[in-house]
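Peer 1: Any chance you could fold what I've pasted below:
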Amino acid sequence: MSEATTTAAPVQPVQPPRRFYKDLAFQVLAGVALGVVVGNFAPSVGHHLQFLGDIFIHLIQMVVGLIIFCTVTHGIASVRDLGKVGRIAVRSLVYFEVITTIALVIGLVVVNVLRPGAGMHVDPSSLHAATNTAPAESEGFDDFLVSLVPTSAVQAFAEGDILQVLVFSVLFACGLASLGDKAQPVLDIVGSIQQTLFWIIRKVMRIAPLAAFGAIAFTVSKYGLGTLTSLGKLIGVFYLIVLLFFVLVLWPVSRYAGISLFKLLRYFRAELFLVLGTSSSESVFPQLTSKLKRLGVDEPVVGLVLPTAYSFNHDGTCLYFAAVSVFLAQATGSDLGWQAQVGLLLVLLLTSKGGAGVSGSAIAVLALTLSATHKIPVDSIALVLGIHSILSAAFVFTNVAGNCVATLVVGKWENAIDREQLHAELDAGYQTAA
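Peer 2: Numbers count the residues shown, from 1 in each chain. Reported below is the predicted structural model:
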């Protein structure tokens, strides 16, 4: 027998199975469950735990503006093809507008068919003292366009205005791209800063389970589990709307993009569980950026599509606005015929843009939307304040999932995805924050 046949092949080391309790998704889910228990059975303790969630979100907000700047700048300037950048931007905005319109239609249809607010006969005047939500002034399209441009780049970063940071980042990146090879030293610095910021995020993510625990404990201690029964019909209808959106929209769109929606949700499970606890999509932006690149999506697509999606692709928020607006009209007996609802849809297409992705911001935008209709009393928002966090967990979850799908769809259109790497990563099911 020859030496070739007698020599044993080198044995590859066997990787030990990963302990389930080391999975960030499990840790966050455990934190949420523990927060519910503490908030319900020890509300005096839970009421003082909100600071845990606030600290975590502040840590993320501290760097998210810089991460958007670095991601957009490095992605666009490294391509140096402004025609391609423009094509990606146009395709992204068209996709966002179509999908958010479909989301609004689904929300309006389901809430009109099931009518969760019918028969409540609420007197809006009795709610005036129960809420501090002031009527918002309607913003015209010209005002919206003006608000896109910061008067100071520093102010845009300081205030965390994602749209203004995005506009400045795109202009800065295009300026760098026009310099050609002269821009390379700056790009190297931007890339180094980006990696530094991601290191910070990896460390911050270690306290994510604690943040989810504190946020949920405070919410349950403040509003109680009783809100689930008092407004249970609206909660049930809204979660049904979200489920229909996943089944009727995101699932076929994912199939079109050549991916399994189930595998995609599993891949981003840690981030999705985290937003269930914090109700903040901004808290997972850095992780989504890194993981989408790991899936094989080209950097320019991730760098342009994902930050833009955070401002323009609010699928879940549109479902929330449509469902809650019509619910409040039904509950207060406001006249909202189909013509008025078409007008409401058009208003929502504008007011849903440019949200900050921070927990609670939807309430302010909802007030703006209701005041623009001149039919639904703004004070009626008090009816849903107690369950807003329950609803926001679902719509922020949907926003994050929808933004991931949107990035992959645009990547398919641009032929900017490494398919082999994509399917290998999805099949493996990434375990930890990137």
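Peer 1: Need the contact partners of the helix or strand containing Gln287.
Peer 2: Using DSSP states H and E, Gln287 sits within helix 285-294. Under the contact criterion Cβ atoms under 8 Å, 6 or more residues apart in numbering, helix 285-294 has outside partners 60, 63-64, 67-68, 71, 197-198, 201, 205, 267-268, 270-271, 299, 302-303, 306-307, 310, 357, 400, 403-404, 407-408, 425, 430, 433-434. (C-beta placed from N, C-alpha, C; glycine too.)
Peer 1: Return the set of buried residues in that helix.
Peer 2: Within helix 285-294, the residues scored as buried using 16 or more other Cβ atoms under 10 Å are 285-293.
Peer 1: Downstream of it, the next helix or strand is which one?
Peer 2: Following helix 285-294 toward the C-terminus (DSSP H and E): helix 299-312.
Peer 1: Determine how far the helix or strand following that following helix lies from the middle of the whole chain.
Peer 2: Later in the chain than helix 299-312, the nearest helix or strand by DSSP H and E is helix 315-332. Relative to its chain's centre, helix 315-332 lies at 18 Å (Cα atoms, centre = their mean, to the nearest Å).
Peer 1: Now do helix 315-332 and helix 299-312, the angle between them.
Peer 2: 10 degrees (axes from the mean of the first three to the mean of the last three Cα atoms, to 10 degrees).
Peer 1: Distance check, Lys291 against Ile381.
Peer 2: 35 Å (Cβ to Cβ, to the nearest Å).
Peer 1: actually Leu176, not the one I wrote
Peer 2: Applying Cβ to Cβ, the value for Leu176 to Ile381 is 44 Å.
Peer 1: which residues sit in contact with Leu272?
Peer 2: Contacts of Leu272 were listed using Cβ under 8 Å, 6+ apart, and they are 25, 265, 397, 400-401.
Peer 1: Among these, which one is most surrounded by other residues?
Peer 2: Val400 (29 neighbours; other Cβ atoms under 10 Å).
Peer 1: And the pLDDT for it?
Peer 2: Per-residue pLDDT puts Val400 at 93.
Peer 1: That one against Ser280, yeah?
Peer 2: No. Counting by Cβ atoms under 8 Å, Val400 sits too far from Ser280 to count as a contact (10.0 Å).
Peer 1: circling back to that earlier point, can the buried residues of helix 285-294 go into TSV with extra columns for distance to Gly83 and pLDDT?
Peer 2: Formatted as TSV, these follow (distance: Cβ to Cβ, whole Å; pLDDT from 0 to 100):
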residue	distance to Gly83	pLDDT
Phe285	27	86
Pro286	29	87
Gln287	31	88
Leu288	27	92
Thr289	24	90
Ser290	27	90
Lys291	28	93
Leu292	23	94
Lys293	23	92
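Peer 1: which among those residues gets closest to Pro209?
Peer 2: Closest approach between the buried residues of helix 285-294 and Pro209, by Cβ to Cβ: Gln287, at 14.3 Å.
Peer 1: how close does that closest one get to Arg269?
Peer 2: Applying Cβ to Cβ to Gln287 and Arg269 gives a distance of 11 Å.
Peer 1: still on that earlier bit, JSON lines for the buried residues of helix 285-294, including distance to Leu114?
Peer 2: Shown next, in JSON lines, are the buried residues of helix 285-294 (distance: Cβ to Cβ, whole Å):
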{"residue": "Phe285", "distance to Leu114": "34"}
{"residue": "Pro286", "distance to Leu114": "38"}
{"residue": "Gln287", "distance to Leu114": "35"}
{"residue": "Leu288", "distance to Leu114": "33"}
{"residue": "Thr289", "distance to Leu114": "38"}
{"residue": "Ser290", "distance to Leu114": "40"}
{"residue": "Lys291", "distance to Leu114": "36"}
{"residue": "Leu292", "distance to Leu114": "36"}
{"residue": "Lys293", "distance to Leu114": "41"}
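Peer 1: Of the residues you listed, which is the nearest to Phe321?
Peer 2: Phe285 (21.6 Å).
Peer 1: Quick one: list the elements packing against whichever helix in the chain runs longest.
Peer 2: For the chain, the helix with the greatest residue count under DSSP state H is helix 82-114. Helix 82-114 sits against helix 162-177, helix 232-245, helix 299-312, helix 315-332, helix 338-351, helix 388-413, with contacts defined as 3 or more Cβ pairs under 8 Å, 6 or more residues apart in numbering; DSSP states H and E.
Peer 1: any idea how far that helix is from the chain center?
Peer 2: Worked out by Cα atoms, centre = their mean, helix 82-114 lies 15 Å from the chain centre.
Peer 1: Which parts of the stretch 1-150 of the chain are helices?
Peer 2: Counting by DSSP state H, counting those that start in this stretch, the stretch 1-150 of the chain has these helices, from start to end: 3-6, 24-41, 43-46, 50-79, 82-114, 141-147.
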